[in-house]
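[1] Coordinates only, no sequence provided:
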């Protein structure tokens with residue numbers, strides 16, 4: 001009987017709430033990346049602005065994670081400082097929690113301090129996550145011991161804190177795989193690229209098709225994405241406007257500087 005009473009007591013403390021989206025009224029006006037070029041011992045400071053466009057006060061918390069991503073769609077937010085190119089230990093920030101009033105802007109300050117004895121080069125990065133805390137969360141609840149059970153959607157913002165150290169390291173890009181696919185009515189050339197160097201790259205990818213006579217039939221754009229070292233990304237080139245036929249495709253990844261990479265593929269547009 002004692003066990004049953006305790007179980008019933010727990011049930012009385014549970015509050016069910018309907019599904020809600022938290023953070024929908026929040027925005028970060030300064031964007032989702034902060035980049036600094038530093039030397040060993042160097043330091044930079046910055047701010048992350050959090051705007052509340054809703055009619056209610058919103059509590060937000062800030063915390064760190066590492067970040068890796070891959071061409072197959074994986075996004076890994078690991079424990080801060082575990083990745084070999086994490087700069088999480090260089091980053092301090094405050095406050096860790098703040099309340100942003102309606103129609104106002106809150107500020108999270110951060111400092112990046114590179115160790116003076118660092119002998120590394122290239123790009124280092126981590127995430128400063130900004131996440132709203134729901135009113136039903138035990139973190140902000142004014143009813144200790146109450147358990148809230150239900151489904152909620154939380155919109156969180158991952159701000160990339162990026163440090164290019166020294167000469168930014170060797171720049172290398174590897175063409176992993178290509179595939180011609182159909183997406184709805186579009187013909188898409190998928191190209192997976194991996195950053196195998198030390199420095200971050202932000203290539204613009206495009207493909208130029210040459211027919212069997214060697215004549216160009218046009219250039220087709222595939223977008224622009226930042227790729228960190230050890231990470232990879234998938235670029236999609238829309239070839240729907242290409243006439244049927246066999247082609248030699250020159251795929252170019254242009255970083256906008258001296259770092260330009262390319263590969264040739266044979267393909268057939270059905």
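    Received the coordinates, thanks. As the structure is a prediction and not an experimental result, all values here were calculated from the model.
[2] partners of whichever strand or helix holds residue 207, with directions?
    In this assignment (DSSP states H and E), residue 207 forms part of strand 204-210. Each strand paired with strand 204-210, and its direction, by DSSP bridges: strand 216-224 (antiparallel), strand 245-254 (antiparallel).
[3] Centre-most residue in this structure?
    Nearest residue to the geometric centre of the chain (Cα atoms, centre = their mean): residue 158, 6.4 Å.
[4] on that earlier part again, quickly compare the strands paired with strand 204-210 and say which is most buried.
    Comparing the strands paired with strand 204-210 by mean neighbour count (mean count of other Cβ atoms under 10 Å), strand 245-254 comes out on top with a mean of 18. C-betas here are computed from N, CA, C, even on glycine.
[5] Now the element after it, going C-ward?
    Using DSSP H and E, the helix or strand that follows strand 245-254 in sequence is strand 260-269.
[6] Need the residues that contact that next one.
    The contact list for strand 260-269, computed with Cβ atoms under 8 Å, 6 or more residues apart in numbering, reads 173, 175, 178, 180, 187, 189, 193, 203, 239, 242-255.
[7] okay, now the domains of the chain?
    16-165, 173-269 (automatic domain parsing).
[8] and those domains as CSV, adding mean pLDDT?
    As requested, the domains of the chain are exported to CSV (pLDDT from 0 to 100):
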stretch, mean pLDDT
domain 16-165, 88
domain 173-269, 97
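[9] Break down the stretch 51-200 of the chain into its strands, ranges please.
    Secondary structure of the stretch 51-200 of the chain (DSSP state E, counting those that start in this stretch): strands located at 58-65, 68-69, 75-76, 91-94, 97-100, 105-113, 122-133, 147-154, 157-165, 173-183, 186-195.
[10] and of those strands, who's closest to residue 44?
    strand 105-113 (5.0 Å; Cβ to Cβ).
[11] Show me what counts as buried in that closest one.
    Neighbour counts using 16 or more other Cβ atoms under 10 Å place 106, 108, 110, 112-113 of strand 105-113 among the buried residues.
[12] Name the nearest residue to residue 248, sequence neighbours excluded.
    The spatial neighbour of residue 248 that comes closest, neighbours along the chain excluded (Cβ to Cβ, 6 or more residues apart in numbering), is residue 210 at 4.6 Å.
[13] What's opposite the one you found in the beta bridge?
    Beta-bridge partners for residue 210, by DSSP bridges, are residue 216, residue 248.
[14] just the buried residues of strand 105-113 now: which is nearest residue 227?
    Proximity of these to residue 227 was ranked by Cβ to Cβ; the top entry is residue 112 with 21.1 Å.
[15] Could I get the contacting residues of that closest one?
    Going by Cβ under 8 Å, 6+ apart, residue 112 touches 36, 38, 43-46, 87, 90-91, 161, 163.
[16] Can you flag the buried ones in those residues?
    36, 38, 44, 46, 87, 90-91, 161, 163.
[17] So what touches stretch 34-43?
    Against stretch 34-43 from outside (Cβ under 8 Å, 6+ apart): 44, 46, 48, 110-119, 159-166, 168.
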